[in-house]
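In: Structure, please.
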Amino acid sequence: MYESVYGEDVTINYIVIADPPIIGVYWERVQNGIKTIINRDSVGYRGLSSTDPSLTIIYNTKTHIGTYRCFATNVVGASVSGSTTLHVIGDKPTVTTTSSILNANFGDSVTIECIVHAIPTPRNIYWKKRINNHTPTMSINKECPGISGSSIETPSLTINYATPVNERYYSCFVENAAGVTESKPVNLIVLAYVPEVSVLLQPVIISTGLDVTLKCSIRAVPPAIEVYWQRNSNDHQTIIKSSSLNINGSTVGHPSLTIRKASVSMSGEYTCITRNPVGTGRSLPTILKVEQVRNTRSSPGSQSSNQYPIIDVAKDHYKVVYGSAVTLVTSIRSNEKYPARKVFWQLYNNGVVMTINSETKGVYGNSIDNSSLTIQKKQYASVYGEDITLNCNVKADPAITDVYWERVQNETSMIINQGSVGVQGITPQNPSLIIISITDIHIGKYRCFASNAVGTSGSESMSLDVIGELLQMTALYSCVAENIVGITGSKPVILIVRAAIPEVIVPQTPLTVEVGVDVTLNCDVKSIPSATEVYWERKINNSTTIINRNSLQVEGSTVSNPSLTIQSASVSMSGKYTCIANNPVGTDYGVETVLNGKFIFCN
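Out: Below is the predicted model of the structure:
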């Protein structure tokens, strides 16, 4: 039996001993039952002579596979050799790619993989690209500028700086002695878009002399390279950059604009503008109004001051426990000629000003007849921390049986269903997604999916942006009343929210107990607001076990009884124990308690 690599020469040897000498030689090949005679006149062969009866096949291919016999003749007669088989190893290359779609960010280096298996070895590798199946192809090789690879040594194609111009269907071609193979096309998508710029659209009203921050959120691929603001006041436009006086922010890292000690002249419409290599994005304008707010303690003899509403503040300082309700009490006095026509409050927190009115979630009161403000939660009019509903309306026949949502953030997909934490809705009766207390982790693109007996359908994508950040625990409130004469504001009311992470107190004394005896690990939790969860961790031999009230053979480990009682302790329960408590502000860990269980032997 002979084996030869596709494309190589191979010789099937045959030795003839004859007297008188041979005068003729030919060969017979049988392939799939078909006989072929090979003689000296056949093309692609050598030998087959009286002096060299062996058969040499030049550049063998799959057509040469078969069973061979040699026939030799002399004046006496003819003789035939035994049979031998020829196998040809190899074929056209096998060429594969890792995916049919490849995403790349603008400006990044991107490699389109080409995996080659070939016997015989490749003699040429190149790429072709086309816009779609109906357009001509364009060849790419290692000589083309801006690329690397596309060679026998490195078949994969690397585009050094991806731009939308590179968006094409790419195919890898590999050639060897057996032929040329084309890979399946890879659709290269370059992610690039003009920056999306968002601001809080509610007007900001601030007293002179205070700092104020206009929030700006940016989503840009490729990343932004410049951020600035534009102020439009009385048809006059002013460009505000990070280098402008009395300004903080307005940078790529911190696009929000902070104005130090705002003055009346800084009032106007503000637009956040961002540029990346693709283009320039602009937010909708947000209005800043800086006013010399008239204080209710103005001279009582002034005629003009009597025309403005007068706001009386019962207390200028409040302390409240995190999560509880609080009422900031005010009253408004205004004359019959110029009655108050509008009342609202302003929350000033960490440079961010928010207007609170009767439509604000978690707020009661705040009207002409009742200017008191009742707060039920720490988050007020800030987008950050509020609940939000992403609506999904489904019409289906037959009726839907299942609903879920998909969120895509940083090219990572996450499935959200009815069992997910921090959400509501997502049922056939109410397919909309309700996110409880949104934060930055909820930013992304959302799609609603519904299934019935026929199949599954998905909605169009919708974006969710979160603007703002977690507010501080202390803030200033002012009640503002407006009549036809103008606006007046109360003196600031300070609200301090008492809140901290829990304090977990655990004795540091190691415990050694007899096997089979109950043992209690003491833990005391002090927390404002109240703890919402208590559990324990046991560490032994680099292994950590969570112990809560549902664990076997334990009592306690609850908010009302944080200490841990282990019933009928065993040696396996030895280890380092930590008491852990959570509240809405955060988590605290107690010091470790070492527990040793040992056998007591009696003589």
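
In: can you give me the helices in the stretch 1-150 of the chain?
Out: Under the criterion DSSP state H, counting those that start in this stretch, the stretch 1-150 of the chain contains no helices.

In: Domain-wise, how is the chain divided?
Out: Domain ranges of the chain: 2-89, 94-191, 199-291, 294-384+471-498, 388-464, 503-598, per automatic domain parsing.

In: how near is Y589 to P502?
Out: Y589 is 10 Å from P502, where distance means C-beta to C-beta, to the nearest Å. C-beta coordinates here come from the backbone N, C-alpha and C atoms, glycine included.

In: Those two - which one has more neighbours?
Out: Neighbour tally, Y589 and P502, criterion other C-beta atoms under 10 Å: the higher count belongs to P502, 27 against 14.

In: Next up, the contacts around that one.
Out: The contact partners of P502, by C-beta atoms under 8 Å, 6 or more residues apart in numbering, come to V525, K526, S527, A531, A581, N582, N583, G586, T587, D588.

In: Make a markdown table from those residues and add secondary structure and neighbour count to it.
Out: Shown next, in a markdown table, are those (DSSP: H, G, I helix; E, B strand; the rest coil; neighbours: other C-beta atoms under 10 Å):
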| residue | secondary structure | neighbour count |
| --- | --- | --- |
| V525 | strand | 24 |
| K526 | strand | 12 |
| S527 | coil | 22 |
| A531 | coil | 23 |
| A581 | strand | 25 |
| N582 | strand | 18 |
| N583 | coil | 22 |
| G586 | coil | 11 |
| T587 | strand | 13 |
| D588 | strand | 20 |
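
In: how about the helices in the chain?
Out: Taking DSSP state H, the helices of the chain run over residues 303-307.

In: among the helices and strands of it, which one scores worst on average pLDDT?
Out: strand 373-375 (a mean of 32; mean pLDDT, DSSP states H and E).

In: shaky segments in the stretch 501-603 of the chain?
Out: 598-603 (pLDDT under 70).

In: circling back to that earlier point, of all the contacts of P502, which comes closest to T11?
Out: The shortest gap between T11 and any of the contacts of P502 belongs to T587, at 80.1 Å (C-beta to C-beta).

In: I140 versus the closest one, what's the distance?
Out: 55 Å.

In: same check, this time on T11
Out: 41 Å.

In: same question, V534
Out: Counting by C-beta to C-beta - V534 and I140 are separated by 63 Å.

In: Who has more neighbours out of these two?
Out: Per other C-beta under 10 Å, whichever of V534 and I140 has more neighbours is V534, with 25 against 21.

In: Give the bridge partners for the more buried one, please.
Out: Beta-bridge pairing for V534 (DSSP bridges): A581.

In: thinking it is in contact with N583, fair?
Out: No - in this structure V534 lies outside contact range of N583 using C-beta atoms under 8 Å: 10.1 Å.

In: Return the member of the domains of the chain having the minimum mean pLDDT.
Out: Ranked by mean pLDDT, those bottom out at domain 294-384+471-498, with a mean of 58.

In: quick one, what contacts A78?
Out: Contacts of A78 (C-beta under 8 Å, 6+ apart): F71, A72.

In: could you redo the last one with a cut-off of 10 Å?
Out: I22, G24, Y26, F71, A72 (C-beta atoms under 10 Å, 6 or more residues apart in numbering).

In: Need the residues touching each of V534 and N583.
Out: Joint contacts of V534 and N583 (C-beta under 10 Å, 6+ apart) are P502, V525, S527, V559.

In: beta partners of the second one?
Out: This points to V525. Here V525, judged by DSSP bridges, has bridge partners V504.

In: what's around H442, how many residues?
Out: So H442, with other C-beta under 10 Å, has 20 neighbours.

In: out of everything not next to it in sequence, what's closest to S148?
Out: Distances taken as C-beta to C-beta, 6 or more residues apart in numbering put T158 closest to S148, at 4.6 Å, once the chain neighbours are dropped.

In: Thought C144 was touching that neighbour, still the case?
Out: No - applying C-beta atoms under 10 Å, one finds T158 not in contact with C144, separated by 11.4 Å.

In: Now do the shared contacts for the two.
Out: S150.

In: Distance check, the residue lying closest to S451 once chain neighbours are set aside against S171.
Out: Nearest non-adjacent residue to S451, counting by C-beta to C-beta, 6+ apart: D402, 4.3 Å away. Distance, D402 to S171, by C-beta to C-beta: 39 Å.

In: So between these two, which is more surrounded?
Out: Each of D402 and S171 has its neighbours counted (other C-beta under 10 Å); S171 has more, 21 against 15.

In: could you list every residue that touches that one?
Out: 95, 97, 112, 114, 126-130, 137, 140, 182-186.

In: Just the ones in strands from these, please.
Out: V95, I112, Y126, W127, K128, K129, R130, I140, E182, V186 (DSSP state E).
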